[in-house]
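>>> Structure for the following, please:
(2 chains, ligands or ions: 1)
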Amino acid sequence: MVTVVLPTVGTFTAWRKAARELAQANVPPQSVLWSRGEDTVDLFADTPLVTGSARQISVPKGFLELAQRAIWHADPERFARLYGVLWALQSNPVLMRDRTHPMIARLYMMAKEVNRDQHKMKAFVRFREIDTTTTDTAASPRRRFAAWFEPSHFTLEPGAQFFANRFGDMDWAIFTPDLSAHFTQGRLRFEPGAARPELPADATEDLWRTYFRSIFNPARVKVRAMQSEMPKKYWKNLPEADLIPDMLAKAQERANAMVASAPSLPPVRAQKLRDRVRATYPLRPGSKIQDRTQDDLFE
Amino acid sequence: MAVKNLEQKLAILSDAAKYDASCASSGGQKRNSRDGTGIGSVTGSGICHAYTPDGRCISLLKILMTNFCIYDCAYCVNRVSSNVERARFTPEEVVSLTLEFYRRNYIEGLFLSSGIIRSPDDTMGDMVRIAQMLRHDHGFRGYIHLKTIPDADPTLVEQAGRFADRLSINVELPTDAGVTAYAPEKSPQQIRRSMADVRNLRDAGKDKSHTGRRAPRFAPAGQSTQMIVGADGANDAVILQSSTRLYSNFKLRRVYYSAFSPIPDSSVALPLIRPPLMREHRLYQADWLMRFYGFDAHEITQSARGGNLDLEIDPKLAWALQNRHIFPVDVNRASREILLRVPGFGTRSVQRILATRKHHALRYGDLQKIGANLKNARPFIVTLDWSPRGLTDDADLRARFAPAPQQLSLF
Ligand code: SF4
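Residues are numbered from 1 along each chain as shown, chains lettered A, B, ... in the order given. Here you go, the predicted model:
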């Protein structure tokens, strides 16, 4: 039995190296125990994982790409599943094309869940500004932000690049229970996970909540559509989510009120303005403007 | 009038902007700020950062520069004759809100429109200035969508397209008669002329000039428009024909359909209705069929009652039920075009069917794994181990899909 402990950062690269060596040495899937954790064996050391006759290993197009997604899945068997497919591909390379095969279908499903989780992380991470009082702006003119997020899979490592590309001129950190990412002076590094940090209040969050409340149209409630895209498990870390129950409770009433209230008289300035518009932009041929202030409002 | 603070202005000017359905931030030129000299990125596929309880995605900060307006469009909360509370952002306020929201990862960028103040050129000029400040003064590389003012000077529209990823001009109502009746200051011809201008500028941006240099990119994410559904009498056939013309004449990226929704302080000219949300949904489905499934507007609506889509079942299923002579189709033989017509098969399922077919013949269970919606597809397909037999021509087939009629309540 071979035991492989993969590191918490650089997991994919390490898995790939280990899997290649194991397959070269003809070690079957049932003889490998995979895990991920701190006390890492040095996979980049020269001492090979196993010794044995080296055979040539190749994989069909698409496998690496898929493995690179599926590996971040929370499934404890993920490394073994990937190795299992790699092993099977050696004798049956066309297997990769059969999406309906259980082993392949499983990897696709895992990759899909990882993609979704990563997508939601891009969407729902909410930064707060920290250290706004730092006077040392000469040394570091970069503003600093931090966020806490709880992904369902190990998505911070593959997802961090997106934030580095997007928030290039600021320093930021994203903390998750498993791992944290830090972007400082343009350099990205990973640190161990953390408990939820206390982040200072951020006044812009109140503006965001105002926006969230105001952009909602109470005449078009579609709760299911909202929840399928923004599942409740994310709500606790979204500053706007606690507004939702109240928005829903009042929606019907607000919509009814709009319909019930009779059209009002236009303000006096309206007539003057309209006259001016129509004087400046003379009636275009074919448009028949009827003056609505002359409509019988008392009928 | 008391001076309004930023929060009050934001409340008024986002409330006024919510009737625009679009919040898309997809497309656009890929770019990022990894070099640290600016802020923002565009990845090509937009991100929805939040969803409001109306099921709509929040991708952009969607606001009006001002809701003062000198026009009098009957369907619009901002029309001059409405008593709604008014506010106006300074350009600096819009810039700062956009950047501060962006830095906290609330949004992909800005969707800016405006009521028409003083004149169309003044209004458009301010909007261009906001986009320019974002791009030049702050190195903003996020998404910008500007709603252009149809009567504005074309040179302003040209400048707008240099800074914005997307431009849009709303046609507002599906027919010219509707626009004339309910948006009396607007001219359908002028709206079309502006769309044609944007199209031409985009085309020119793609050509290389004789010196071999590329013209600067113009609105790389294209242009879109919106039609209000249910305010005038236009039926779905008219609406979809109108969309078809818009797509082909102006190469629009999207036509949005917005169910006419109650507004505070409505106009006598246009009584309020319950927003026809299901109708809006069916129109989006039909629009999708026209753009990605090879259907044309006529096919979709040819047998629609009163020219309106069936509200109970989706338009693809409705079409299949009326064209049963081409079904069932053999999943292992049918062409891509035919597979795309099978209810329950999406473009992605069809892609996967074609790929798997090269490998082995498909069974019913394979379709499940591929992710096809078999509840809809069953009566219309044949696989190695499945045949619908008489089901395809069953007179009650529609009833299997349509929801049960609402029970009458005793009175
Ligand atoms: S021009 Fe018409 S649609 Fe636009 S804000 Fe003014 S009233 Fe509303």
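
>>> is stretch B:17-24 up against the ligand anywhere?
No: judged by Cβ under 6 Å from any ligand atom, stretch B:17-24 and the ligand are separated, with a smallest distance of 8.7 Å. Every C-beta, even on glycine, is put in place using the N, C-alpha and C of the backbone.

>>> What's the mean pLDDT across that stretch?
Stretch B:17-24 carries an average pLDDT of 83.

>>> who are the neighbours in contact with B:Gly178?
Contact analysis of B:Gly178 by Cβ atoms under 8 Å, 6 or more residues apart in numbering or on different chains lists B:172, B:231-234.

>>> Which of those residues fall within strands?
Of these, none are assigned to strands by DSSP state E.

>>> Out of the residues you listed, which is nearest to A:Ser261?
Using Cβ to Cβ, B:Ala231 comes nearest to A:Ser261 of these, at 18.4 Å.

>>> For that closest one, which non-adjacent residue is spatially closest?
B:Phe260 (4.1 Å; Cβ to Cβ, 6 or more residues apart in numbering or on different chains).

>>> For the helix or strand of chain A at the bottom of the mean pLDDT ranking, list every residue counted as buried.
In chain A, no helix or strand scores lower on mean pLDDT, DSSP states H and E than helix A:268-280, which sits at a mean of 72. Of the residues in helix A:268-280, A:270, A:273-274, A:277-278 count as buried by neighbour count, 16 or more other Cβ atoms under 10 Å in any protein chain shown.

>>> now do stretch B:320-336
Of the residues in stretch B:320-336, those buried (16+ other Cβ under 10 Å) are B:320-321, B:327-329, B:331-332, B:334.

>>> which residues touch the residue in the stretch 101-250 of chain B that the ligand sits nearest to?
The nearest approach of the stretch 101-250 of chain B to the ligand comes at B:Gly115, 4.1 Å away (Cβ to the nearest ligand atom). B:Gly115 makes contacts with B:16, B:64-71, B:78, B:123, as judged by Cβ under 8 Å, 6+ apart.

>>> go with 10 Å
By Cβ atoms under 10 Å, 6 or more residues apart in numbering or on different chains, B:Gly115 lies in contact with B:13, B:16, B:64-71, B:76-80, B:86, B:88, B:123, B:149.

>>> Sort out for me which of the residues you listed are in strands.
If you go by DSSP E, the contacts of B:Gly115 have B:Leu64 in strands.

>>> Also near chain A: which of the contacts of B:Gly115, exactly?
B:13, B:16, B:68-71, B:77, B:79-80, B:86 (Cβ under 10 Å from any Cβ of the partner chain).

>>> the strands in the chain, which residues?
Defaulting to chain A. Using DSSP E, strands in chain A cover A:2-6, A:32-36, A:128-130, A:144-148, A:171-175, A:179-184, A:187-192.

>>> You answered for a different chain; I wanted chain B.
Using DSSP E, strands in chain B cover B:50-51, B:57-58, B:60-64, B:109-113, B:143-147, B:166-168, B:223-229, B:254-259, B:329-330, B:381-382.

>>> and residue 99, what is it in contact with?
All of this is about chain A. Counting by Cβ under 10 Å, 6+ apart, A:Arg99 has contacts A:105, A:107-108, B:352, B:355-356, B:359, B:366, B:369-371.

>>> that answer is for a different chain, and I need it for chain B
The contact partners of B:Leu99, taken as Cβ under 10 Å, 6+ apart, are B:39-40, B:61, B:110, B:133-134, B:138, B:140, B:142.
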